[in-house]
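Undergrad: Just the structure for this:
(chains A and B)
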Amino acid sequence: MQPAHIARNPGMPLDLDLVRGVAANTSAIERRCAALPGRRSIKKQWQAAWLLKAVTLIDLTTLSGDDTERRVHRLCRKAMQPVRPDILDALGMGARGITTGAVCVYHEMVPAAVRALAGTGIPVAAVSTGFPAGLSPLRLRIMEIEESVAAGATEIDIVISRRHVLGQNWQALYDELRAFRAACGDAHMKAILATGELATLRNVARASMVAMMAGADFIKTSTGKEPVNATLPVSLTMIRAIRDYQGLSGHMVGYKPAGGISKAKDVLNYLVLIKEELGDRWLQPDLLRFGASSLLGDIERQLEHHVTGRYSASYRHAIG
Amino acid sequence: MQSGEDMTISDIFDNMEYGPAPEDAQPALDWIARNEGRFGLFIDGAFVPSVGGEAFDTRNPATGELLAHITQAGQADVDAAVAAARKAQPGWERLGGKGRARFLYALARLVQKHSRLLAVLETLDNGKPIRESRDIDVPLVARHFYYHAGAAQLMESEMPDQQAIGVAGQIIPWNFPLLMLAWKIAPALAMGNTVVLKPAEYTSLTALLFAELCVEAGLPKGVVNIVTGDGRVGEMIVAHPDIDKIAFTGSTEVGRRIRAATAGTGKVLTLELGGKSPFIVFDDADLDSAVEGLVDAIWFNQGQVCCAGSRLLVQEGVADRLHDKIRARMDRLRIGNPLDKAIDIGAIVDPVQLQSISELVDRGLAEGGEAYRANAPLPGNGCYYPPTLICGLEPASTLMQEEIFGPVLVSMTFRTPAEAVQLANNTRYGLAASVWSENINLALDVAPKLACGVVWINGTNMFDAAAGFGGRRESGFGREGGREGLYAYTRPRAKGGKAKPVKVIKPFEGAPAPSDQPIDRTAKMYVGGKQARPDSGYSRPVFGPKGQLLGHVGIGNRKDIRNAVEAAHKAAGWARTTGHLRAQILYYIAENLSARMDEFADRLQAMQGGGSGPARAEVEASIDRLFTWAAWADKNDGAVHQVPIRGVALAINEPVGVIGMLCADEAPLLGLVSAVAPAIAMGNTVVAVPSWPFPLAATDFYQVLDTSDLPGGVVNIVTGEHPVLAKTLAEHDDVEAVWSFSSSDVSQMIEAASVGNLKRSWVNHGMARDWSDADARTFLRHATDVKNIWIPWGE
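TA: Numbers count the residues shown, from 1 in each chain, chains lettered A, B, ... in the order given. Now for the predicted structure:
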């Protein structure tokens, strides 16, 4: 069952009144998030199905200084076969072609990933624009996008200039993002807001809105390198902005929480939050990704537990 | 294939639906089975059968299945329960706060130890979602016993002048069966009272399980007694002569009946009644959070919540957006088996309640309301009602005024903050309110203007044992929780021996004679800062003890009272003046009274006889009393309650409003000053009926008021016969409180007549008061109502 194709978000002119009018009440948002895990319960085969869905939403990521082509190759093989085939068969999912949503690497590793994933349909995402700080010259940041696209990356995870948000300089943020979007061409732009460095949820909401107005295909929480990465309150703030933007423009923008989601239980809470606030359509890889590296291992153990009834061990599952 | 157990992982992977997540009911059913499916009454520490042997069924509203047989108590049973409580009370009080704290702590721990059993049993019996009973009700129950264990521990040191009232009769509703039990029993026990509690007939089971916990805690026999049954049992409790205090939570209609039935009995009464609480959304609010607030406000416990935010008031500019968001959110609510852990809306408590909701909504639609019902499946059987939003109504519509007590939200728009306040207060009720705005200036400006007992800013339905809960107007009186709630279960420790009856004083008689004054001086009434002739056109002569004519005084009637109340309302701005200003004016009144010391002393002596010494002493005491209340005017601080949020609950002492007072006959000046001064010091306005036998000190006194910068209408003085004027005041729906220190037998009449608007009455029941004592704490409590404003923060 293939969900209907989503038209890309072309963006819209910057509406400063709208951006400045965005409200995000922190304590109310926190209360909603605190109550949520108690409001929904995903058990038994529902849990297994939802966790498998989560696997297909993972951007399997390596962003280390010691990455090599062999290391990236290993990761790509894991992306192609994220769960042990016997477990998938036992779950009745062996024929469903379960892979992760994408593989996410630095620019220099893009060719290796493209080669490893050739013919699989799994996209290669490149972090870009001076990731993670985004403070290299604008010209170079734009060139970096162009080079990654030329190398075969079909998704570009760009980082925004946090100083534009902290200075409430929305025009500058918008212009920067427009330039990035133009450089992406046909590649999808995932805009990393680095929410851990934006200080307030109000800033998160405003930056989300500006990024979508500038044409982001996805908005993404974090680089994974900030002191605080994805949280439920930040996610709730961003997906509510996505919902408002859809109401405003008619376009559906994807969401990618990244960093800090390492447990199967956490990812279920995120899925519930997305389902409740944005609806089922957003539970597909074209609109939802998880930026995570250790999450997959925990999911694999939970899936094996579902099959055998025994708690699993990490060494029983291949590393990526 | 919808949510069936046979759904495959592959199906679910595609549809991403929720599956069933039922909480196991078996432990609770086993508990019922261990009791053989029938329960006696818990009297004097043991379960006993009813003398009459009557019983009724209690059912699971989600399925209609029989859960158990509950005993219908009779008069003999209630008598036995009250007798047990009476016998236990002195020992329980003598145990001391520290001794009682141990038992309350044990109860808190036992509630935690059996938390899941209590939650499941509550959901089975009531139909509320297990998430709510598990995550909200039961934790709040434990919290209430913990908090009040502490209140008991500190009672002797922190409330040295207070003592237990005695035996409390407590009647609780079915919407939060165990939580309401905790709200009633914990403070009563902490303060040294014993209780006879009647749970609602639909939902008795958790109270009976709690009775078992009392046994497990080793609570002394008779301290807690639980009698089950329908409203007849409640009436027996209310009417029982050996009960000292009635605490009731439930409908305004029944509250009124209880007020009437207890009038004149001397029973202390607290009522927590209905509501039609406003949920105000300003155009700068975080609308998505406000929508989620509405889910917690009106779709919490199926809307069967006295403080439910059932009346949405939204600023025009964002109304359409907000309504769209609400409708979208409603469609995502999950309605069904309350034992399912992923259900938002459970069952309505009983078919009778379901019927009542349907009828009210039909009426609203007939009056032009447009309903949106959640596009979410309802279970095929059981008591369910869909979440509903009704727009297109006006304040005059039935649904804007009547409490629905179901998952039905009514909405209307406003233009300005002032209009929001006006609409919010356009109700007979006054329990709670929610205010949504990102502007702290706006939110904190609006909160004090709302006529209610609880305000939540950017939140809703936040409860905690440390913060008082309770209403104004027809939502009842008294507070539960916080320090303010403890006073509902205590009385001042008796000072100076046993209270004496107040001496009845008749006006002196004499023969009409020409006045010895060169120019006629006629005492008038004082209304709105002006002297006013009596509407009746009648006066009576005032004679001294030797029959000498001292002057004439107007005979006030109901129209004089009407005019005075109107004037008092016009002066409502007094409540917004600063304590500093009110203090200055009270000092100034004292100064001007002092300047006329001789004249007032002479007048008192002429009216009452006796030497000049007592008369001068009364004037001197009155001046001192004014100083005392000037001192208090800027010192009756509120509190910052330590509630478990990032933020505070501000407990603000607000004036009650317009207070009618029948002043002491025996102390013509001191009695007047002692009652009027605390009221105006706290920002109330007053209609005072002075001593009838000795009225001329009060009519002289208005000249002092006139020269002391007191704004017109803050104090109004109407002379006349107490029984006549007391009745008009007590019946007046625009008077918020009536106090009586009269020697006339008016207490019962005042309490009975106060049911119209459920005004606060404070009467002497014919007992004398020692006017040499300002008794400031008592007067402060009667002159103010506590409003708790919850202010969460965070950015």
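
Undergrad: So residue 182, which state does it fall into?
TA: This is for chain A. Here residue A:182 is recorded as helix under DSSP: H, G, I helix; E, B strand; the rest coil.

Undergrad: what number of residues lie near it?
TA: For residue A:182, the count of nearby residues is 13 (other Cβ atoms under 10 Å in any protein chain shown). In this view, the C-beta of every residue, glycine as well, is placed from N, C-alpha and C.

Undergrad: Okay, it and residue A:254: tell me how far apart.
TA: Using Cβ to Cβ, to the nearest Å, residue A:182 is found at 19 Å from residue A:254.

Undergrad: Over to residue B:554?
TA: Distance of residue B:554 to residue A:254, given as Cβ to Cβ: 81 Å.

Undergrad: Now do the same contact list for residue 101.
TA: Picked chain A for this. Contacts of residue A:101 were listed using Cβ atoms under 8 Å, 6 or more residues apart in numbering or on different chains, and they are A:56-59, A:122-123, A:285, A:289-290.

Undergrad: wait, I meant chain B there
TA: Residue B:101 is in contact with B:149-150, B:152-153, B:190, counting by Cβ under 8 Å, 6+ apart.

Undergrad: By mean pLDDT, point me to the weakest helix or strand of chain B.
TA: Least confident element among the helices and strands of chain B, by mean pLDDT, DSSP states H and E: strand B:522-523 (a mean of 84).

Undergrad: who touches that strand?
TA: Under the criterion Cβ under 8 Å, 6+ apart, residues B:539, B:542, B:551-554, B:695-696, B:699-700, B:719 lie in contact with strand B:522-523.

Undergrad: Relative to chain A, which of these is nearest.
TA: Nearest to chain A among these is residue B:719, at 54.6 Å by Cβ to the nearest Cβ.

Undergrad: now the contacts of strand B:522-523 in TSV, with distance to chain A, pLDDT and neighbour count?
TA: Shown next, in TSV, are these (distance: Cβ to the nearest Cβ, whole Å; pLDDT from 0 to 100; neighbours: other Cβ atoms under 10 Å in any protein chain shown):
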residue	distance to chain A	pLDDT	neighbour count
B:539	63	94	17
B:542	63	94	24
B:551	64	92	21
B:552	64	93	20
B:553	59	95	25
B:554	58	95	24
B:695	57	96	29
B:696	59	96	24
B:699	56	95	24
B:700	57	96	20
B:719	55	97	27
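
Undergrad: Kindly confirm my reading that residue B:329 is in a helix.
TA: Yes: counting by three-state DSSP, residue B:329 falls inside a helix.

Undergrad: Once you drop chain neighbours, what's closest to it?
TA: Using Cβ to Cβ, 6 or more residues apart in numbering or on different chains and skipping the chain neighbours, the partner closest in space to residue B:329 is residue B:291 (5.0 Å).

Undergrad: count of neighbours near the one you found?
TA: Neighbour number of residue B:291 under other Cβ under 10 Å is 23.

Undergrad: hang on, the earlier thing: can you tell me which of the contacts of strand B:522-523 is nearest residue B:677?
TA: residue B:700 (16.4 Å; Cβ to Cβ).

Undergrad: Would you agree the closest one is in contact with residue B:601?
TA: No: the pair residue B:700 and residue B:601 does not pass the contact test of Cβ atoms under 8 Å, sitting 11.2 Å apart.

Undergrad: In the helix or strand where residue A:86 lies, which residues are buried?
TA: Residue A:86 is part of helix A:85-90 when elements are defined by DSSP states H and E. Within helix A:85-90, the residues that count as buried by 16 or more other Cβ atoms under 10 Å in any protein chain shown are A:87-88, A:90.

Undergrad: re the thing from before, and the helix or strand just after the least confident helix or strand of chain B, what does it pack onto?
TA: Moving toward the C-terminus from strand B:522-523, the next helix or strand (DSSP H and E) is strand B:525-527. Secondary-structure packing of strand B:525-527 (3 or more Cβ pairs under 8 Å, 6 or more residues apart in numbering or on different chains; DSSP states H and E): strand B:530-532, helix B:558-570, helix B:696-706, strand B:715-717.

Undergrad: what's the longest helix in the chain?
TA: In the absence of a named chain, chain A is used. If you go by DSSP state H, chain A has its longest helix at helix A:232-249.

Undergrad: ah, I was thinking of chain B
TA: The residue-count maximum for a helix in chain B (DSSP H) belongs to helix B:612-633.

Undergrad: contacting residues around it?
TA: With Cβ under 8 Å, 6+ apart as the test, helix B:612-633 has contacts from B:579-580, B:582-584, B:586-587, B:589-590, B:593-594, B:597, B:600-602, B:604-605, B:608, B:667-670, B:673-674, B:677-678, B:680-682, B:771-772, B:774, B:776, B:780.

Undergrad: where in the chain is pLDDT low?
TA: No chain specified, so I'll use chain A. Where chain A drops to pLDDT under 70, the residues are A:1-2.

Undergrad: nope, chain B
TA: Checking chain B against pLDDT under 70 turns up B:1-3, B:496, B:515-518.

Undergrad: Domains of it: list them as residue ranges, please.
TA: According to automatic domain parsing, chain B comprises the domains B:25-272, B:277-461, B:525-636+B:657-783.

Undergrad: so residue B:775 touches residue B:492, yeah?
TA: Yes: here residue B:775 lies in contact with residue B:492, judged by Cβ under 8 Å, at a distance of 7.5 Å.

Undergrad: out of these two, which sits in the busier spot?
TA: The neighbour comparison of residue B:775 against residue B:492 (other Cβ under 10 Å) goes to residue B:775, with 16 against 13.

Undergrad: OK, contacts around the closest residue to residue B:690 other than its chain neighbours?
TA: Distances taken as Cβ to Cβ, 6+ apart put residue B:698 closest to residue B:690, at 3.3 Å, once the chain neighbours are dropped. The contact partners of residue B:698, by Cβ under 8 Å, 6+ apart, come to B:663, B:668-669, B:672, B:688, B:690-691, B:717, B:719.

Undergrad: so how far is residue B:66 from residue B:698?
TA: Using Cβ to Cβ, residue B:698 is found at 66 Å from residue B:66.

Undergrad: and what of residue B:332?
TA: From residue B:332 to residue B:66 the distance is 34 Å (Cβ to Cβ).

Undergrad: between the two, which one's more packed in?
TA: Between residue B:332 and residue B:66, residue B:332 has the larger neighbour count (other Cβ under 10 Å), namely 15 against 11.

Undergrad: burial count for the residue lying closest to the more buried one once chain neighbours are set aside?
TA: Spatial nearest neighbour of residue B:332, excluding adjacent residues (Cβ to Cβ, 6+ apart): residue A:276 at 5.9 Å. Counted with other Cβ under 10 Å, the neighbours of residue A:276 add up to 17.

Undergrad: Ok, residue A:34 next?
TA: The tally of other residues near residue A:34 (other Cβ under 10 Å) stands at 12.

Undergrad: How is it classified with respect to secondary structure?
TA: Three-state assignment for residue A:34 (three-state DSSP): helix.
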